[in-house]
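1. Whatever this is, show me its structure:
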Amino acid sequence: MRASDTVPGAPARRPSLERIDAVVHFGFAVLMVASGVRYTMRHSPADNLWVLAAAAAVAILYASVAVLARHREPHPVWMLALMAVWVPLVLSAPSFAWCSFALYFLCRAAFSGAVAYTAAAATTVATAAGLFRLSGGTDIAMLLGPLAVGVLLTVVYDRIEADARIQRQLHREVEAAQERLLASEREAGAAAERERVSREIHDTVTQGLASNILLLEAAARSWPAPSALADIRQAGTLLRGNLAETRSLVHELSSPGSDDVPLPAALLEAATAYVGGAELAATGLERPVPLDVRHAMVRVAQSACANITLHAGASRTVLTLGYLPDAVTLDIHDDGRGFDPQLLDAPSADGGYGLRAMRQRVEQLGGTFSVESTPGEGTIVAAQIPLPLLEDTP
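-> Down below sits the predicted model:
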C-alpha cells in the first residue's frame, strides 16, 4: 500500500503487509552487510573509505524512507537523496547490486506516480550498469538481465497494485452497501415499531374509549332509568381495564392479562370486556402457545369484539378456539347486521384500522386471516397461526 492510496482516518496497515515489509528490510540489511564485507575483503583500505561511507549513507537513507513510509509520511526528497547516493555506489562497487531488489520494492511501496517509476528505473539501470561493469563490459547478460527483470517486476507490481485497488474499491463499496442496509433496516425497524404501536393503541385505548362513549351515550339516553347506572358501571370497569392496558403499553407493551392464565380464559376475558354476553368454545387438545401467538390471538379477540359493539348490533357473539397439531385457530361469529367487506373505507383519522391491524398481526406470524360477512347475516372473523408440530407420544 502506498501513501497515495491512503485516506484520512484509514486503519493501520494490515499485519501481513507489515510482515512482508519486515522481510524486505531484513533482506536489505543482510545484503548490505554481505556486500560491504565482500568489497572490503577485495579492495585496499584507501579504496574502502568512501565506498563504505556511501554504503552507510544508503543504509541511513533507506531506513529513513522505510520509517516514513510506515507512518505514511514519505517525501520525494528522501528518495531522490537515496538515489543520488545509491547510483554512484552501485556503479563504483557492483558488489552492492544485490541490494537493488529491496530498493526497488521500497521505491514502489513508498511512492506513487512519476517518483516511484523514476526511482525504480534509476535503481534498475544503475544495477545493470554496475553488473555490466563488473563483467568487464563483456557479458551482455549482465546488462540486459537486470533491465528485463526490472521490466518484469514493474509489470507484475502494477498488476498487483491494480488488483489491490479494485479490491479496496470493492471493500469500500461493500462497506457502503452495508451502511445503506443498516440504515434501511433501522428505517424498516422504526416503521415496523410504529405499526406495532399503532396496532396496540388501536386495540386498547382507541377501542376502549369508543366503547365507553357508546356506554355513556346509552346511559345519557336512558337516565334516570336503572339501566343507566349499569351502563355507567360497565363504562367504569372498561375504563379501569383501559388504564391497565395503557400502563402495560407504556411498560414494554406487554400482553394483556397474566401470561399464566389459560388462553381460553384470556380470550373470554378480552371478549367480555366489550361484548358482555360473549361465549367461548374450545376444540382440540389444549396446549401451550408461544407468547407472541397468544398476544396476537387476544388482540384479535379484543378488536373484533370492539367492532361488534360499535357496528354490528349483535345479540349473540361466539368465539371458537381450535387447537390443531400444527396451528391454533380462532373464529369470532356474531349475528349482527353484517357488511360488505369489499366496500370498506380505507383507514383514516375517523377509523378503519381494526381489520387491517388484525390481519397484520396474524400474517406477521405466518398465519392467515379472513373476514366473511353479508349484510343482514352476521360476520365471521377467522384467524389461524401456525405452531410447532406436536410430536407423537407413544
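
2. the longest helix in the protein is where?
-> The single longest helix within the chain, with elements called by DSSP state H, is helix 140-201.

3. Give the other helices and strands that it contacts.
-> helix 100-110, helix 113-134, helix 226-250, helix 354-364 (3 or more CB pairs under 8 Å, 6 or more residues apart in numbering; DSSP states H and E). Bear in mind the C-beta positions are built from the backbone N, C-alpha and C, glycine included.

4. Distance-wise, check Ala121 relative to Glu179.
-> Distance, Ala121 to Glu179, using CB to CB, to the nearest Å: 42 Å.

5. more neighbours, the two?
-> Ala121 (17 against 10; other CB atoms under 10 Å).

6. angle of the longest helix of the chain against helix 113-134?
-> 150 degrees (axes from the mean of the first three to the mean of the last three CA atoms, to 10 degrees).

7. now the angle between helix 354-364 and helix 140-201, please.
-> Going by the same axes, to 10 degrees, helix 140-201 makes 140 degrees with helix 354-364.

8. For helix 140-201, give the mean pLDDT please.
-> On average, the pLDDT along helix 140-201 is 77.

9. ok, now stretch 113-126?
-> The pLDDT scores in stretch 113-126 average 79.

10. May I have it exported as CSV, CA atoms only?
-> C-alpha atoms of stretch 113-126 as CSV (Å, rounded to 0.1, in the frame of the first residue of the first chain):
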residue,chain,number,x,y,z
GLY,A,113,3.3,8.0,-9.9
ALA,A,114,6.4,9.5,-11.5
VAL,A,115,8.5,9.4,-8.3
ALA,A,116,8.1,5.6,-7.9
TYR,A,117,8.7,4.9,-11.6
THR,A,118,11.7,7.2,-11.8
ALA,A,119,13.4,5.8,-8.7
ALA,A,120,12.7,2.2,-9.7
ALA,A,121,14.1,2.9,-13.2
ALA,A,122,17.2,4.5,-11.8
THR,A,123,17.7,1.5,-9.5
THR,A,124,17.4,-0.9,-12.4
VAL,A,125,19.6,1.0,-14.8
ALA,A,126,22.3,1.5,-12.2
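
11. Distance to Leu170 for the helices and strands packed on helix 140-201 - can I get that in TSV?
-> Shown next, in TSV, are those (distance: least, CB to CB, whole Å):
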stretch	distance to Leu170
helix 100-110	22
helix 113-134	23
helix 226-250	46
helix 354-364	36
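
12. least reliable of those helices going by mean pLDDT?
-> Among those, helix 226-250 carries the lowest mean pLDDT, a mean of 69.

13. Now do the same for Thr138: helix, strand or coil?
-> Judged by DSSP: H, G, I helix; E, B strand; the rest coil, the three-state class of Thr138 is coil.

14. Quick check: which of the helices and strands packed on helix 140-201 is buried the most?
-> Highest mean neighbour count among the helices and strands packed on helix 140-201 (mean count of other CB atoms under 10 Å): helix 100-110, with a mean of 23.

15. Could you export it as CSV, CA atoms only?
-> Extracted C-alpha coordinates of helix 100-110, given in CSV (Å, rounded to 0.1, in the frame of the first residue of the first chain):
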residue,chain,number,x,y,z
SER,A,100,18.6,-3.4,-5.7
PHE,A,101,15.7,-5.8,-5.2
ALA,A,102,14.9,-4.3,-1.8
LEU,A,103,15.4,-0.8,-3.1
TYR,A,104,13.0,-1.5,-6.0
PHE,A,105,10.3,-2.6,-3.6
LEU,A,106,10.9,0.4,-1.3
CYS,A,107,10.5,2.8,-4.3
ARG,A,108,7.2,1.2,-5.3
ALA,A,109,5.8,0.7,-1.8
ALA,A,110,6.6,4.2,-0.5
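
16. Show me the contact partners of that helix.
-> Contact partners of helix 100-110, identified using CB atoms under 8 Å, 6 or more residues apart in numbering, comprise 1-3, 21, 24-25, 27-28, 31, 62, 65-66, 68-69, 74, 79, 82, 86, 90, 116, 119-120, 123-124, 126-127, 146, 150, 153, 157, 161.

17. and it with helix 113-134, angle?
-> For helix 100-110 against helix 113-134, the angle by the same axes, to 10 degrees is 180 degrees.

18. I'm done for today, thanks for sticking with me.
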